[in-house]
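Visitor: coords please:
(one chain, ligands or ions: 1)
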Amino acid sequence: MNLLLANSVSYVNFVRCSSLQFIRLNSSGKARWLDRQRSDSYTREAKLQGLRSRAAFKLQQIDDKMHLFRKNANQRVLDLGYAPGAWSQVAFDRTSPNGVILGVDILPCSPPRGVNSIQANILSKKTHELIRLFFSKRFQLYQEDQLHMDHGYFQHMLEEGLSALKEENDDNESRIVPNIDEKPIDVIISDMYEPWPQTTGFWNNFTNSAYYRMANTTGVAIKDHYMSMDLCDAALIAAIDLLKPGGSFTCKLYTGKEDKLLENRMKQVFKDVHRFKPSASRNESKEIYFVGLNKRKNVDKVKVFVE
Ligand SMILES: C[S@@+](CC[C@H](N)C(=O)[O-])C[C@H]1O[C@@H](n2cnc3c(N)ncnc32)[C@H](O)[C@@H]1O
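Guide: Numbering: from 1, shown residues only. A predicted model of the protein is given here:
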């Protein structure tokens, strides 16, 4: 019904967002955005290099400065909100030949070459369990499985593995999921931002076209800030629970009133905390990146969020 309304109004599209408000997309704004995309040198360069989006250059610039990735060091990387996959491509390239990358996204997407992925919501406890299991010695990715052999898809194997563990240990919650220390995660990167609800392209029946939307932000600065703050908190919780001591963490924030709060929380988790705006990030965009290096030992999650 909203879609019909959107299509029938000539100059303005209405999109219903999750909080049941309406966002107005002005058609001249849309044209400006498309023009800017076409003339943008990073967008062109991403195409030339076979990168899935211009976001790749932001992570490259963050890494050039902060040295998150190392080649040939068996690094394990968790990419939160990985779709369409440009950051994962950079992580794969910069940790090759033996890095292991797991991308997690709430949207369906088929991952880039060399990257493993699951479709899951990072706000859910089960997603943390699946991540733990993936990075544990208990999970063998290379099994005789037709779906995995033909399409690289393995989420069903992970889910079955988790159910089997739960059945074995139904009396002892703490023993269910393997300890992450078995094969610890070295780097967590999060570029998460809440996706817009899909408004067009439903007819297009393949997973990598989940991106029928212009941009992620609503354009309402305060709303963008608080929505991204929630996802930064979720990513930081994942870092407290899943990242090894000494590990590093990067998250995107749309800047606003609570920047300092996130920075202070991160300082309790990491020895060095930096705020960075890569030059590939447009000046007019309110996005900034927080980087935490050298994770502290024995971080008390409750203290981080209560104080
Ligand atoms: C800006 S895009 C990421 C772009 C990506 N870094 C790249 O380089 O291609 C943000 C992603 O965060 C994902 N996301 C948002 N909330 C999420 C959640 N709760 N759990 C998992 N993924 C989430 C969105 O679906 C979206 O694909």
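
Visitor: Around the ligand, pick out the residues from the protein.
Guide: For the chain, the contact set with the ligand under C-beta under 6 Å from any ligand atom comprises 52-53, 55, 81-87, 104-107, 121-123, 191-195, 216, 231. Yep, even glycine has a C-beta here, placed from its N, CA and C like the rest.

Visitor: Which neighbouring elements make contact with the helix or strand containing His128?
Guide: For His128, the host element (DSSP states H and E) is helix 125-134. Helices and strands touching helix 125-134, as assessed by 3 or more C-beta pairs under 8 Å, 6 or more residues apart in numbering; DSSP states H and E, comprise strand 100-105, strand 116-119, helix 155-168, helix 221-242.

Visitor: can you give me the angle the last one makes with strand 100-105?
Guide: In this case it means helix 221-242. 140 degrees (axes from the mean of the first three to the mean of the last three C-alpha atoms, to 10 degrees).

Visitor: Could you pull out the buried residues of helix 221-242?
Guide: 223-225, 227-229, 231-240, 242 (16 or more other C-beta atoms under 10 Å).

Visitor: Does anything pack onto that helix? Which helices or strands?
Guide: By 3+ C-beta pairs under 8 Å, 6+ apart, helix 221-242 packs against strand 76-80, helix 125-134, strand 185-190, strand 243-254, helix 259-269, strand 287-295, helix 301-306.

Visitor: Surely Val299 is in contact with Leu243?
Guide: No: the pair Val299 and Leu243 does not pass the contact test of C-beta atoms under 8 Å, sitting 9.4 Å apart.

Visitor: who's more crowded, the two?
Guide: Leu243 (25 against 17; other C-beta atoms under 10 Å).

Visitor: OK, contacts around that one?
Guide: By C-beta atoms under 8 Å, 6 or more residues apart in numbering, Leu243 lies in contact with 78, 184-188, 249, 295.

Visitor: what about the residue of the chain found nearest the ligand, how many neighbours?
Guide: Nearest residue of the chain to the ligand, counting by C-beta to the nearest ligand atom: Gly81, 2.5 Å away. When neighbours are defined as other C-beta under 10 Å, Gly81 has 24 of them.

Visitor: Find the residue closest to it in space, skipping its chain neighbours.
Guide: Spatial nearest neighbour of Gly81, excluding adjacent residues (C-beta to C-beta, 6 or more residues apart in numbering): Met192 at 3.2 Å.

Visitor: so how far is Leu48 from the residue nearest the centre of the chain?
Guide: Centre of the chain computed as the mean C-alpha position; nearest residue by C-alpha atoms, centre = their mean is Gly81, 2.0 Å away. From Gly81 across to Leu48, the span is 25 Å (C-beta to C-beta, to the nearest Å).

Visitor: mind listing what's buried in stretch 39-46?
Guide: 42-43, 46.

Visitor: now those residues in CSV, with pLDDT, secondary structure and distance to Lys137?
Guide: Output for the buried residues of stretch 39-46, formatted as CSV (pLDDT from 0 to 100; DSSP: H, G, I helix; E, B strand; the rest coil; distance: C-beta to C-beta, whole Å):
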residue, pLDDT, secondary structure, distance to Lys137
Tyr42, 94, helix, 40
Thr43, 92, helix, 41
Ala46, 94, helix, 37
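
Visitor: re the thing from before, which residues touch the residue of the chain closest to the ligand?
Guide: Counting by C-beta under 8 Å, 6+ apart, the residues that Gly81 touches are 104-106, 122, 190-193, 231.

Visitor: Kindly state the pLDDT recorded for it?
Guide: On pLDDT, Gly81 comes in at 95.

Visitor: could we number from 30 for the rest of this?
Guide: In the new numbering, first residue 30, that becomes Gly110.

Visitor: Give me the below-cutoff pLDDT ranges for the stretch 230-336 of the chain.
Guide: Low-confidence segments of the stretch 230-336 of the chain (pLDDT under 70): 230-245.

Visitor: The residue lying closest to Ala84 once chain neighbours are set aside - how many residues pack around it?
Guide: Sequence neighbours aside, Ala115 is the residue nearest to Ala84 in space, at 4.6 Å (criterion: C-beta to C-beta, 6+ apart). Residues lying near Ala115 (other C-beta under 10 Å) number 23.

Visitor: Need the distance between the two termini of stretch 306-322.
Guide: In stretch 306-322, first residue to last residue: 16 Å (C-alpha to C-alpha, to the nearest Å).
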